[in-house]
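1. build the 3D model from these lines:
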Amino acid sequence: MKAIKISKQHLFVLCLFLLFFPIKTQFYNITFITFDAVLNSGALSDIYTYNYLGWLIGCQEILETQKVLGLQFDFFYSVVSNFFFILSIIASIILYKRIHTKQNFKYMDWILLAVFSFQLFETLERLLDFIAYPEYFLLETLSQWISLLKNFGVLMMAFVLFFKTCNPCMRKQIIMYALPASIASYILWFLILGPMILPIITR
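-> Modelled structure (predicted):
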């Protein structure tokens, strides 16, 4: 039986994706606070809870945010969500161009894959929610249709990268190292470490 050799790059991938969800959620936290400072002069600073999920949490907090921002509420969240989407798409395009010809992963490629996966995991989460609670997903407004198209675009890009661009060896590395580390990251961060370090505080 052949022994599995783990290179320095594989160790880097394991560490990167073990830290995936802490990095993702705290990047989201920082982005929310930064955009709030730029667009709202920090109006949400007393409302927003810096938490392990990386989102504004709590019914009272959301209602208060709507009250404080008024008509800017939808605009603010649209800007933030589109920033995350555009960042991930740019990362996926750069990744595609880098690996399309050379057909192997470098350190930067794994980082780009992680950045793209920020939006990919959001999309997969919405897909699971849709399967579990289809009655809550209505397509009545333009923004809802745009959100659906964006999610479809992310899934298509993931399909192209994994099945059309990556060779079998590259796909094997993703399955053997990135995927298990991501699952472990999810469990460790959302179920154990996250609630202890950055608990959700609601009113």
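2. list the buried ones in stretch 65-84?
-> Using 16 or more other C-beta atoms under 10 Å as the burial criterion, the residues of stretch 65-84 that qualify are T65, L69, F76, V80, F84. In this view, the C-beta of every residue, glycine as well, is placed from N, C-alpha and C.
3. and those, which two are the farthest apart?
-> L69 and F84 (18.8 Å; C-beta to C-beta).
4. in contact with Y96, which residues?
-> V160, L161, T165 (C-beta atoms under 8 Å, 6 or more residues apart in numbering).
5. that one is in what secondary structure piece?
-> helix 72-102 (DSSP states H and E).
6. counting contacts, what elements does the lowest-mean-pLDDT helix or strand in the chain pack onto?
-> When the helices and strands of the chain are scored by mean pLDDT, DSSP states H and E, helix 59-69 comes last with a mean of 77. Using 3 or more C-beta pairs under 8 Å, 6 or more residues apart in numbering; DSSP states H and E as the contact test, the elements touching helix 59-69 are helix 72-102.
7. just the pLDDT for P168.
-> Listed pLDDT for P168 reads 93.
8. relative to I6, how far out is it?
-> 19 Å (C-beta to C-beta, to the nearest Å).
9. which of those two has more residues huddled nearby?
-> Of the pair P168 and I6, I6 is the one with more neighbours under other C-beta atoms under 10 Å, namely 12 against 7.
10. so the more buried one, which of the three states?
-> coil (DSSP: H, G, I helix; E, B strand; the rest coil).
11. which residues sit in contact with it?
-> Neighbours of I6 in contact, by C-beta under 8 Å, 6+ apart: none.
12. so what angle separates the directions of the least confident helix or strand of the chain and helix 72-102?
-> 100 degrees (axes from the mean of the first three to the mean of the last three C-alpha atoms, to 10 degrees).
13. for the residue sitting nearest the centre point of the chain, what are phi and psi?
-> Nearest to the mean C-alpha position of the chain, counting by C-alpha atoms, centre = their mean, stands F118 at 2.2 Å. Backbone dihedrals for F118, given as degrees, to the nearest 10, come out at phi -50, psi -50.
14. now do the helix or strand where L149 lies, average pLDDT.
-> Assigned by DSSP H and E, L149 falls within helix 142-159. For helix 142-159, mean pLDDT rounds to 87.
15. tally of neighbours for L95?
-> For L95, using other C-beta under 10 Å, the count is 23.
16. where in the protein is pLDDT low?
-> 1-4, 57-59, 135-137, 139, 202-203 (pLDDT under 70).
17. just the element for L128, please.
-> helix 107-132.
18. now swap in S185 and tell me
-> Per DSSP H and E: helix 179-186 holds S185.
19. can you list the buried residues in that helix?
-> So, applying 16+ other C-beta under 10 Å, buried residues of helix 179-186: A181, S182, S185.
20. what does stretch 17-27 give?
-> Result for stretch 17-27 [16+ other C-beta under 10 Å]: buried residues F17, L18, F20, F21, P22, I23, K24, T25, Q26.
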